[in-house]
Structure formats: structure tokens, C-alpha cells
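# missing the sequence, but the structure's below:
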């Protein structure tokens, strides 16, 4: 008599891995760092676009997004690939955030002061060791978790990672919140460039016969203007009683040596420490001062073009 046939018992599935409390804390920190990178990068894009430096901010934006998504899917959805992205992002994220903040800080420094500086030696002594400690700690937690997930994934069949509608809605809401600083900055202090405007539409007083008027409002609110005018009409205008030069007791002089001036150019990096983008060899330099600004008009005799620019008065 044959023995009864018995089916072999099914192999039990391995228990799912659960992140530790330490990993969850690290994940929250890395998510906040990634969110900060995204927010600062968006503000930087608004500030620097379309200059070449804006592509650096675009790269930082991608790093922030990859770090956030990798950290979420790696820790809370047990994705090995996400955990690897989180490891890389946590190792480099703090340094990327600090560099992005330094780029933005360049535009908040008063470069007319002789002691102007973006950072101080004391800050470097404090910040970089802190960044190294935070990066290595977060990287160790994420790297260890990525190794566990990769080892665990080898013991079970691959599964397709799904994304729920709720996760998509939450992600869109988070990105919208991170855009608020850049949107606010753009609304309160927008950049503006206009070419071939009429005399009445110019942002400052210009001679009645001015042509080819261009102007640019910089990110700090100051204005650059250029316009074509013949020298006789320009001289008559600055010496008239109705001009700002006469009203504020300004003066003018012949240019003794070449001067570098700023002309409106929307593709130029808006660095306040820039040396200028046009050289004037012959002409007139006109100066006057108001309560908060130094005003300058540099007349280029070779091109019959006047260049107006403003400089904040240091306190």
C-alpha cells in the first residue's frame, strides 16, 4: 500500500524589513535638507536666469529632488534604488545646500564697503566640520539600509514599485510650498529689461531727443539705462535748470582715462562686484548724489551713447 502523498510545505516569505528609529530621524533630516536645496535652487534660478550660472542652480535643483525622492522611497517604501540615491544625496546634500546659500549671499552683501565678504574664517571653522559630521552620519545610516535592502531583495522576486494618487498629490503640494520663497522674491523685486522704449516710458529723466533707449532694473532695485544722443544736445540737457544734475548740484568732467560702465544686458550675470561690460575711452562723466544713491551718466563720444547707472550709498 502506497504512502499518502503530501505536498511540501510552502517556503515562508521573508519578513519585511522595518527602518529603525535612528534611520527615520535621519530620513526626516535628509528630507528637510533636500527640500531646502530645492527652495534655494528655485530662488537662485529666479535670480540668475538666463546667465550661465543658472545651470548650476538647475543641477542643484535636480540633486535636491533626487535626494528627497530617494530618501522617501528608500526608507518608507523599502526601495533599494531609492536607498542608494538617498545615500549619495545625504553624503553631498549638506555641502550642496551651503554652496547654494553662498551663491545667494553674494547678492545681499554691500560690496561698496572695504571689509565686504561673503563668509568669515570663523564660519568656515564651524560650518565645514559640521557638514562633514552630518554627511558621514546620514550617509552611514542610509548606506547600511541600502545594503540591507539589496540583500533582502535577493531573497524574493522583484516587485514593481507603484505610486499612489495620494503620494502624487502630496508631492505636488510640497513642491508648491517650496516655490513660495522664489515666487515671493520674483513678485517683490522683479528683474526687468526693455529695449527701444520712448522718452516718456523711460524709468528716469532722459533728453527729449534720446533714441534707442534701453533700460534694465536689477535685482537689487537699481536701474541701468543707455540711450543714443548727440553730444551738443546732451550737454545742453545736463546744463539746463530742469535737469536732476542742476537740481542736486551735480558736476561733470572730461574722461581722463578709460572707464568701465554697465550697460543694460539681460544675459549678464547680475554680480554687484562686476567690473562693467562696456569701456568708454573719450567723453564726459556726470555725477550727482541723492539721499540714498550715487548717480552717474557716462557719455561715450565715440558711439554717441550715454550710460546711466546707480550705486547705493554706504552707511
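Good, I have the coordinates. Keep in mind it's a predicted model, so treat the numbers as computed, not measured.
# What lies in contact with the helix or strand that contains residue 295?
Using DSSP states H and E, residue 295 falls within strand 293-300. Residues outside strand 293-300 that contact it (C-beta atoms under 8 Å, 6 or more residues apart in numbering): 222, 231, 234, 238, 244-245, 248, 250, 255, 259, 261, 278, 280-289, 305-313. Placement of C-beta: from N, CA and C, glycine included.
# Please repeat the previous calculation with a cut-off of 6 Å.
The contact list for strand 293-300, computed with C-beta atoms under 6 Å, 6 or more residues apart in numbering, reads 234, 259, 261, 280, 283-288, 306-311.
# ok, those vs residue 131, which is closest?
Here the nearest of the contacts of strand 293-300 to residue 131, counting by C-beta to C-beta, is residue 311; it sits at 35.5 Å.
# Wasn't that closest one part of a helix?
No - using DSSP: H, G, I helix; E, B strand; the rest coil, the assignment for residue 311 is strand, not a helix.
# How about the contacts made by it?
Per C-beta under 6 Å, 6+ apart, neighbours of residue 311: residue 294.
# Need the pLDDT of it.
With respect to pLDDT, residue 311 scores 79.
# How much space separates it from residue 173?
Residue 311 sits 43 Å away from residue 173, taking C-beta to C-beta, to the nearest Å as the criterion.
# go on, residue 167?
Relative to residue 173, and taking C-beta to C-beta, residue 167 is found at 11 Å.
# ok, the two, which is more surrounded?
residue 167 (14 against 10; other C-beta atoms under 10 Å).
# Residues in contact with whichever helix or strand the more buried one is part of: which ones?
Assigned by DSSP H and E, residue 167 belongs to helix 165-178. Applying C-beta under 6 Å, 6+ apart, the set of residues contacting helix 165-178 from outside is 35, 38-39.
# quick one: the strands in the stretch 151-300 of the chain?
192-197, 211-217, 223-228, 251-254, 259-261, 278-280, 283-289, 293-300 (DSSP state E, counting those that start in this stretch).
# Tell me the helices and strands packed up against the first one.
Of the remaining helices and strands, those touching strand 192-197 by 3 or more C-beta pairs under 6 Å, 6 or more residues apart in numbering; DSSP states H and E are strand 211-217.
# tell me the angle of the strand it packs on relative to strand 223-228?
Orientation check (axes from the mean of the first three to the mean of the last three C-alpha atoms, to 10 degrees): strand 211-217 against strand 223-228 gives 170 degrees.
# tell me the pLDDT at the residue nearest to the spatial centre of the chain?
Geometric centre of the chain, nearest residue: residue 44, 1.2 Å, by C-alpha atoms, centre = their mean. If you check residue 44, the pLDDT there is 84.
# Flag the helix or strand of the protein with the lowest per-element mean pLDDT.
Lowest mean confidence among the helices and strands of the chain (mean pLDDT, DSSP states H and E): helix 180-188, at a mean of 76.
# Which residues outside it are in contact with it?
Residues outside helix 180-188 that contact it (C-beta under 6 Å, 6+ apart) are 39, 42-43, 46.
# The residue found closest to residue 202 once you drop the neighbours it is linked to in the chain and residue 135: what is the separation?
On the basis of C-beta to C-beta, 6 or more residues apart in numbering, the spatially nearest residue to residue 202 that is not a chain neighbour turns out to be residue 213, at 5.3 Å. Per C-beta to C-beta, residue 213 is found 51 Å from residue 135.
# where does the stretch 1-150 of the chain have low pLDDT?
Residue ranges of the stretch 1-150 of the chain with pLDDT under 70: 1-15, 50, 107-116.
# if we go to 50?
1 (pLDDT under 50).
# All the helices of this protein, residue numbers only.
Along the chain, the segments classed as helices by DSSP state H run 21-48, 54-76, 80-105, 121-153, 165-178, 180-188, 231-238, 244-247.
# Would you mark the buried spots in the first one?
Going by neighbour count (16 or more other C-beta atoms under 10 Å), the buried part of helix 21-48 is 23, 26-27, 29-31, 33-48.
# distance between that helix and the chain's centre?
14 Å (C-alpha atoms, centre = their mean, to the nearest Å).
# Then the second one?
Mean C-alpha position of helix 54-76 versus that of the full chain (C-alpha atoms, centre = their mean) differs by 16 Å.
# Can you list the neighbours in contact with that helix?
By C-beta under 6 Å, 6+ apart, the surrounding residues in contact with helix 54-76 are 19, 27, 30-31, 34, 37-38, 41, 44-45, 48, 79, 82-83, 85-86, 89, 93, 96, 100.
# one step back: count the neighbours of the residue nearest to residue 202 for me.
The burial count assigned to residue 213 is 23, neighbours taken as other C-beta under 10 Å.
# From residue 307, how far out is it?
12 Å.
# Check residue 280 too.
Going from residue 280 to residue 307 by C-beta to C-beta gives 7 Å.
# Can you pull the poorly scored residue ranges out of the stretch 151-300 of the chain?
273.
# 70 instead, please
For the stretch 151-300 of the chain, the ranges with pLDDT under 70 are 154-159, 186, 188-191, 219-221, 266-276.
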